[in-house]
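1. Sequence first, predicted model second:
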Amino acid sequence: MAKEKAVKGAKAPLNKVYLKRYWQLYALLFLPLLYLIVFKYLPMWYVMIAFKKYSIVQSIWEMPWAKNHGFEYFIKAFKSNDFLRALKNTITLNLKDLIFGFPVPIIFALILNELRLKRFKKTVQTITYMPHFLSWVIIYGLALQLFAPSTGFVNLLLNKMGLESVPFLNSSATWVKTYIGLGIWQSFGWNSIIYLAAIAGVSPELYEAASVDGAGRFQKMWHITLPGIKPTIVVLLIMALGNIIGSGFDRPFAMQNKLVMDAAEVLATYVYKVGIKGLQFSLTTAVGLFQSLVNVFFLLSANFLSRKLGERGIW
Amino acid sequence: MKKKVLSVLLACAMTISLAACGNSADTAAPAPADTASETKTEEAAPAEEAVEESGALAELVDGKFADTRHITVEIYDRNNDGGTDPTNNMYTDYIKKGMLDKYNVEVEYVAVPRWTEVEEINNLLAGGSAPDICVTYSYPTVLTYANMGGIVDLKDYAEEFKSVTPNLWDFIGEEGIFWDKDPKTGSLWAIEGRRVETQKSVTFVRQDWLDKLGLKAPTTTEEFHDMLVAFKDNASELLGADASKMVPFSISYDVGWRATNLIASFQDPKMTDKERYVNGFDDRYATQNGTKEAVQLLNKWYNEGLLWKDFPLYPSGDSTEDDMIKAGYVGCFEHNWDYVFRNGEDSINSNLRRNVGEDAKFVAIDPFEDKNGGHSKWMYSAFGTDRKIFFPSTNDEPLASFLYLDFISSPEVLKYLQAGDEGVTHEVLESGAIQLIAATGDPIQNSGKNIDYTLTCNGTWYGDEKTAALSLAYGYGDQDPELVDGASKAAFAEGMYPKNVNVGEIAAEAEVGDTLTAKRDEMFDNAVVASEADFDSVWDSYMADYLSAGGQAIMDERAEKWAEYFGDSDMLP
């Protein structure tokens, strides 16, 4: 407390002193800052395209404003069935990812933590990380080899056993399951790292005390490990909620096929197809802006809620 | 001391940041602004422009620029195995040297990836750095650019430069040059390339399978179906241990293309020009009469197990289907008329010969009979179906660009680009026909007959019609000329040529092209794999979506425009 006051009181001179003493560090910071400004902040001006009639040959200042006080393209998007379909799919897929995918790395980290044999633990960890480094194009290639209805290995096996082929990739409902499943498979090992690190930070004294009190394994997990990593879980959950209508592009794009588009078209692929391929930059910038606003809203409310409930937020 | 270092560092930092700002500003804001003002003056003062341009023609001294000019030209990069750098190889050297010697024009090529060309050109245009001569297959894309003011109007240039571009006028002629001319405003946004080979699609079947089963080549749709059933029933005789991999009839996710002759056979050959035109936006005939019935037949065959079951799962450019065909598991399929002969040693027929046996080969058949009992099918028209050449508004060398188009349209240049050097990439047969030899190394052609360089010409030409006709069957390296000839004949048989209905721009077609194409594929694919009972409801619901997403608006506007130009008449004048 006292220190803080002191800093506040002597703010200006202290800053100068810091700048003088550590100027090398500030100089080092300069390039990353420049990167952020040039590639992250300056382009934000172009969000104006959402409110203007885009033309490839005019500068952003010359483009005329869009109709309906600049909201023409937002209205157009919300009138378009394709946009609504993509919005619905994005939310559905992300929610399912969250519900089924979020707990998996936590559970996995808890299990790994209980393993005694160090070498076995390390091996399991390494193997589960691996899929994280595969591109989705390759994963879809593997999925085709395994799950294609007439030539996929799994379906061939089922057929040999006298069962019908399962339409893993070619019917919307099952495609969603495959999509979620492959997503979990690809990322749970990698995502568990942060939880393992958090678990390592829980004081061993607590476990010892619990053992003395006669707690079993599950009780220790429930009463010590989980509360110990709760802040980490909350922060990651807030971040996940902040991306609830965003999504990566490569995963849905690589896994799409013509039979499942009514479940597989998400906003990222919609923007690519309509905006970049179809040259409708205004419309898709509007969609992107909408997406960002909703995400920020979710991020803020999740953060707010978590602080209200007595947890640490992300700021 | 410390201060000095700091000030130097700050100075450096400042220059870096200035340079960075300068860069981003250069590429983003002012450049498009400049081009915009240029287009504006162009549109505002055509009279002035014309006066200036007669000056432009006077710049030529004995047909040559006094000072060296520089133009950039778009070239597709197909990134093929063993190919050469598309911007720098034996053929580009030939053009560069020729243009410099003849007109004192320096040519520079700009590579654009073939399969993402539209996205790439979008970005280049938006950045003001598009090549002076651009090319695309999609006219709606050209119109989108034109509406944004991004393209030079060629209407005055074309006539004005006529005297110095005789080869262009000889080869493409008035028809091709003014094919896309707007009937009202007279604007000309693009020049059409000419399709010399107008054959479109044929059905290929395994001759050795027919022989083994003692079948004759089918000549009706019903016989075709019986043949597919025979293939399926005799899978173990034809494929032995691989019987489970048998695919009697193979299609891809692009059903409308891979069954185009089957679909055409369901159309009424007596359909009026008006009906054809109103439903004519989609090149897979999505809304034409008869298409639904054709797809329903495919749906029936699919449910009988006659089609490749996994076809919708593989995206465009995937080689799985080709690999199955080359491995010998596929009985028949429909494709480009010369598809099985393409790529010399790596062609489908050569692969079959290696993988299956000497007698294994695909031959062309013509099985689908139409409502009149004939075998009518669509050809490509000579113009309107190939590439469209346009100049972005950043092009400040229209004359040099036209001279380039003239140069690559001249008979000797076309012959060299298509056939290369005698003894290396071709030899001349006794009949006068040109036999191509599969080349390796620098003389290799990155695209069939160097189509990517012959912007104005698509197909075997070699400089004149007679040589082209003689040589057509010898254009595929070691492929049997008789089979090639047969495929060509099958593709030509009872072929119908689409007519050009030019009523100016259809505004509803702008921007929706890609979306509708995707929806059409979704519709065809889902309808083919539906259960027979569900077919109608699946087709109807996807069709409703297709129409509401812009398909209906296009049809309405086309009907309106038809009425405006042709009144109540159902046929073209």
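-> All right, it came through fine.
2. Now for residue 146, how many residues are close by?
-> Using chain A here. Applying other CB atoms under 10 Å in any protein chain shown, we find 16 residues neighbouring A:Leu146. Any C-beta I mention is one placed from the backbone N, CA and C, and that applies to glycine too.
3. hmm, I had chain B in mind actually
-> Counted with other CB under 10 Å, B:Ala146 comes out at 21.
4. and chain A, what are its domains?
-> Domains of chain A are assigned by automatic domain parsing as A:13-48, A:81-308.
5. got the buried residues for the first one?
-> Residues of domain A:13-48 classed as buried by neighbour count (16 or more other CB atoms under 10 Å in any protein chain shown): A:Met48.
6. pLDDT on stretch A:179-189, on average?
-> For stretch A:179-189, the mean pLDDT works out to 95.
7. So B:Tyr76 lies in a helix, does it not?
-> No: secondary structure of B:Tyr76 (DSSP: H, G, I helix; E, B strand; the rest coil): strand, not part of a helix.
8. Nearest to chain A within the stretch 401-550 of chain B, name that residue for me.
-> B:Asp525 (4.0 Å; CB to the nearest CB).
9. Can you name the residues of the stretch 251-400 of chain B sitting close to chain A?
-> B:253, B:309-310, B:312-315, B:320, B:393 (CB under 8 Å from any CB of the partner chain).
10. which two of those residues lie the greatest distance from each other?
-> B:Lys309 and B:Ser393 (49.8 Å; CB to CB).
11. ok, these two, which is more surrounded?
-> Taking other CB under 10 Å, B:Lys309 and B:Ser393 do not tie; B:Ser393 has more neighbours (27 against 17).
12. What residues does the stretch 401-550 of chain B have near chain A?
-> B:511-515, B:518, B:521-522, B:525-526, B:529, B:545, B:548-549.
13. Of those, which qualify as buried by neighbour count?
-> For those, buried by 16+ other CB under 10 Å: B:511-515, B:518, B:521-522, B:525-526, B:529, B:545, B:549.
14. For the chain, which element, helix or strand, carries the lowest mean pLDDT?
-> The chain I'm using is chain A. Across the helices and strands of chain A, the lowest-confidence element by mean pLDDT, DSSP states H and E is helix A:2-9, at a mean of 47.
15. that's the wrong chain, I meant chain B
-> helix B:30-44 (a mean of 40).
16. residue ranges with poor pLDDT in the stretch 151-300 of chain A?
-> For the stretch 151-300 of chain A, no stretch is flagged by pLDDT under 70.
17. domain assignment for chain B?
-> B:37-197+B:385-412, B:201-378+B:498-566.
18. quick one: which of these has the weakest pLDDT on average?
-> domain B:37-197+B:385-412 (a mean of 87).
19. For chain B, what's its nearest residue on the stretch 101-250 of chain A.
-> For the stretch 101-250 of chain A, CB to the nearest CB, closest residue to chain B: A:Ser150, 4.0 Å.
20. Would you confirm that that residue contacts A:Glu164?
-> No: checked against CB atoms under 8 Å, the pair A:Ser150 and A:Glu164 is beyond contact range at 11.7 Å.
21. for the closest residue to B:Thr219 other than its chain neighbours, what are its contacts?
-> Distances taken as CB to CB, 6 or more residues apart in numbering or on different chains put B:Pro367 closest to B:Thr219, at 6.1 Å, once the chain neighbours are dropped. B:Pro367 is in contact with B:203, B:217-221, B:223-224, counting by CB atoms under 8 Å, 6 or more residues apart in numbering or on different chains.
22. again, 7 Å this time
-> By CB atoms under 7 Å, 6 or more residues apart in numbering or on different chains, B:Pro367 lies in contact with B:203, B:218-221, B:223-224.
23. what's the closest of these to B:Ile325?
-> Using CB to CB, those come closest to B:Ile325 at B:Thr203, 13.2 Å.
24. quick one: the closest one is in a helix?
-> No: applying three-state DSSP, one finds B:Thr203 to be strand, outside a helix.
25. Backbone dihedrals for the residue nearest to it when sequence neighbours are not counted, please?
-> Using CB to CB, 6+ apart and skipping residues adjacent in sequence, the residue nearest B:Thr203 is B:Glu334, 4.7 Å away. Phi and psi for B:Glu334, reported as degrees, to the nearest 10, are phi -110, psi 140.
26. same thing with the one 10 residues further on?
-> B:Gly344 has phi and psi values of phi 50, psi -120 when expressed as degrees, to the nearest 10.
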